[in-house]
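>>> Mind folding the following:
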Amino acid sequence: MLVFASADTNPGGYYVLDRTSKKMTELALVRPALEGRVLASVKPLTYAAADGTKIPAYLTLPPGSSGKGLPAVVLPHGGPSSRDEWGFDWLAQFFAARGYAVIQPNFRGSAGYGDEFRNANGFLGWRTSLSDIGDSARYLVKDGIADPARVAIVGWSYGGYAALQSAAIEPSLYKAAIAIAPVTDLALLKKESEGYTNAKLVQDFVGSGPHVAAGSPLRNVAKIQVPVLLFHGDMDLNVGIAHSEKMDSALRNAGRKVEFIRYKDLDHQLDDSNARADMLNRIGIALEAAIGK
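Numbers count the residues shown, from 1 in each chain. Sure thing, here's the model as predicted:
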């Protein structure tokens with residue numbers, strides 16, 4: 001049998017199990033470069049949202065830290081109808097290795113907790129989803145884990161959307177917003193689906209009405225006060241690079257501090273070691289400038 005095994009402090013590996021001899025042989029490690037490195041443990045928790053709803057989340061603290069008064073990163077997941085799970089997460093581990101507390105909230109709109117918790121979805125119900133995400137930052141501060149003056153938000157895809165929109169609706173909560181392949185305009189998201197077989201699904205998922213403009217970071221750049229860092233692959237078919245191009249232009253025109261990194265010939269996942277290493281290096285520099293280490 002071929003077996004894959006991993007844990008929060010173990011990126012995982014593939015093993016061959018001989019069912020006759022009952023012996024397991026290592027075949028290949030997923031991230032051999034991390035062998036022997038102390039990684040951060042991941043703790044499941046719940047915190048109270050503004051309306052009292054219990055929101056599940058995962059907390060990753062830097063190895064050996066006191067767990068108090070730390071610079072922190074709020075890391076909402078993509079989807080939005082997805083969820084974070086306990087285990088190894090390379091982004092969270094990167095932040096923890098640099099001294100940051102990391103919280104990954106499974107905000108309302110996340111999958112895996114029933115239809116009522118999933119709410120309408122993270123776009124139709126963006127105010128609830130983003131309120132839950134903001135409450136995760138407030139939980140870190142209230143519990144003494146995070147220094148209130150050193151909290152940033154980072155996200156990929158819907159998480160990137162959440163990072164940008166959160167910076168607009170709660171301009172004093174975060175010191176930086178970093179978005180990877182983000183949705184920035186809900187109307188553009190619907191338009192991009194035209195001509196595809198899922199067009200009706202996307203139209204219904206995003207919906208129509210005042211929430212489309214109110215819930216689009218591109219339409220709310222004037223409210224963003226913190227530095228913004230954008231990453232996008234120019235072959236992204238999930239979320240077109242036009243989302244980041246337009247956001248970058250709008251922020252510049254509004255006199256905001258923004259940096260936009262475009263990766264050539266890469267899609268939504270930026271599945272390239274050199275690109276990801278470059279991205280992490282740039283994120284590390286930006287976070288150190290915004291919230292220290």
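>>> For the helix or strand encompassing Ala163, which outside residues touch it?
Ala163 belongs to helix 158-169 when assigned by DSSP states H and E. By CB atoms under 8 Å, 6 or more residues apart in numbering, the residues outside helix 158-169 that reach it are 74-80, 82, 122, 126, 129-130, 133-134, 153-155, 173-174, 177-184, 215-217, 220-221, 223-226, 228, 247. Every C-beta, even on glycine, is put in place using the N, C-alpha and C of the backbone.
>>> Now find how far off-centre that helix is within its chain.
10 Å (CA atoms, centre = their mean, to the nearest Å).
>>> now do stretch 8-25
Chain-centre distance of stretch 8-25: 31 Å, with CA atoms, centre = their mean.
>>> Buried residues of it, list them for me.
Neighbour-count burial for stretch 8-25 flags Asp8, Thr9, Asn10, Pro11, Gly13, Tyr15 (criterion: 16 or more other CB atoms under 10 Å).
>>> So which of the contacts of helix 158-169 sit within helices?
Those of those mapping onto helices are Trp126, Ser129, Leu130, Ile133, Gly134, Met247, per DSSP state H.
>>> Can you tell me which of these has the most neighbours?
Ile133 (31 neighbours; other CB atoms under 10 Å).
>>> How about residues contacting the longest helix along the chain?
As assigned by DSSP H, the longest helix anywhere in the chain is helix 273-291. The contact list for helix 273-291, computed with CB under 8 Å, 6+ apart, reads 71-73, 94-95, 98, 100, 149-152, 154, 175-176, 178, 180, 226-227, 229, 231, 233, 259, 261, 263, 266, 270, 293.
>>> on that earlier part again, buried ones among the contacts of helix 158-169?
Buried members of those, counted by 16+ other CB under 10 Å: 74-80, 82, 122, 126, 129-130, 133-134, 153-155, 173-174, 177-184, 215-217, 220-221, 224, 226, 228, 247.
>>> contacting residues around the residue nearest to Thr9 when sequence neighbours are not counted?
Leaving aside its chain neighbours, Thr9 sits nearest to Leu39 (4.3 Å; criterion: CB to CB, 6 or more residues apart in numbering). By CB under 8 Å, 6+ apart, the residues touching Leu39 are Asp8, Thr9, Asn10, Pro11, Pro63, Phe88, Gln93, Ala96, Ala97.
>>> one more time with 10 Å, if that's ok
Counting by CB atoms under 10 Å, 6 or more residues apart in numbering, Leu39 makes contact with 7-11, 31, 60, 63, 88, 92-93, 96-97.
>>> isn't there a helix covering it?
No - assigned with DSSP: H, G, I helix; E, B strand; the rest coil, Leu39 falls outside any helix and is coil.
>>> Report the rounded mean pLDDT for stretch 250-259.
The average pLDDT for stretch 250-259 rounds to 98.
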